[in-house]
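Give me the fold of what follows.
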Amino acid sequence: MGIVVQQVNALTAFRDLPSTRYTILIATQRETINKDLSKHLLAWIKAGGHVIIEAIYFPDYSADNKNTSPPKEAADELLPDGLLFSEDTQASEDNKEFPVRLSVDNTIIEVNFPYYKTLDNSAYTTTPIRLIKDEIGQYLMQFPIGQGLLTVMTTTNMFSNNAITDYDHAQFLHYLVSQAGHNGGVWLIRVDDMPPLWQWLWNNARYMVLSLSILFLLWLW
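Purely as a prediction, here's the structure:
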């Protein structure tokens, strides 16, 4: 579709972020993104960038137990006062597969969000400017952060190879990453955990590893 896409699999890339006209799609649970990187990414959003993330699922904080305090880790998320999603107690096996019908640019598109997950920001004061929901639950919230946008989804699995051709998922992804002011390109981040040491060395110091291997073989000889 003419949109520049770069796949990023190293956390160090967060320290040299692209133009704020880009959209950063983080298709992972972000378990190892530390506070410093989160603050750096949040500052990038405030300057005008657009980040799409999955909400973190805390099983101990559910829709039928509002008196339970959200976990402290929620304060470390990109959304300043946190966002959780919880199991939908109204969901059943009978409505496992049904798409949500959306009106996008005067066109009806269908997206199959997971029926068993729903966004929940009832414990917080931030109000979304865009919300996708139905009678079962809430699936997408978009928040203004400074001059930029933060889009929070229950999951990004519908954009994977196995699901991108289902319903109108490809059209929906194109819509999300080409919004006004944020159509300069896409950073796709699918891996956020630190690789094993040997893999990191091979990815970042391949010639040094080869040289040391040759020297070791010569020493053995």
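
secondary structure element for the residue lying closest to residue 1 once chain neighbours are set aside?
Leaving out its chain neighbours, the residue that sits closest to residue 1 by C-beta to C-beta, 6 or more residues apart in numbering is residue 174, at 5.8 Å. (C-beta placed from N, C-alpha, C; glycine too.) Using DSSP states H and E, residue 174 maps to helix 169-176.

That helix - contacts with which helices or strands?
Helices and strands touching helix 169-176, by 3 or more C-beta pairs under 8 Å, 6 or more residues apart in numbering; DSSP states H and E, are strand 100-104, strand 107-111.

cutoff 6 Å now
Helix 169-176 is packed against strand 107-111, with contacts defined by 3 or more C-beta pairs under 6 Å, 6 or more residues apart in numbering; DSSP states H and E.

right, and residue 55 touches residue 150 too?
No. Look at residue 55 against residue 150 with C-beta atoms under 6 Å: they stay out of range, at 10.9 Å.

pLDDT weak spots in this protein?
10-14, 29-37, 57-97, 121-125, 191-200, 203-204 (pLDDT under 70).

Helices along that one, start to end?
According to DSSP state H, the chain carries its helices in the segments 35-46, 169-176, 197-204, 206-220.

Report the buried residues of the first one.
Just to be clear, that refers to helix 35-46. 37, 41, 42, 44, 45, 46 (16 or more other C-beta atoms under 10 Å).

And for stretch 141-154?
141, 142, 143, 145, 148, 149, 150, 151, 152, 153, 154.

And the residues you listed, which two are furthest apart?
When C-beta to C-beta is used, the two most widely separated members of the buried residues of stretch 141-154 are 148 and 154, lying 21.3 Å apart.

quick revisit: what is the nearest of the buried residues of helix 35-46 to residue 207?
Closest approach between these and residue 207, by C-beta to C-beta: residue 37, at 27.9 Å.

how many neighbours does the nearest residue to residue 105 once chain neighbours are set aside have?
Of all residues not flanking residue 105 in the chain, residue 175 sits nearest, at 7.4 Å (C-beta to C-beta, 6+ apart). Residue 175: 16 surrounding residues under other C-beta atoms under 10 Å.

ok, residue 175 touching residue 103?
No. Residue 175 lies out of contact with residue 103 (C-beta under 6 Å); the separation is 11.1 Å.

Quick check: phi and psi at the closest residue to residue 147 other than its chain neighbours.
Nearest residue to residue 147, sequence neighbours excluded (C-beta to C-beta, 6+ apart): residue 48, at 4.3 Å. Dihedral pair for residue 48: phi 130, psi 0, per degrees, to the nearest 10.
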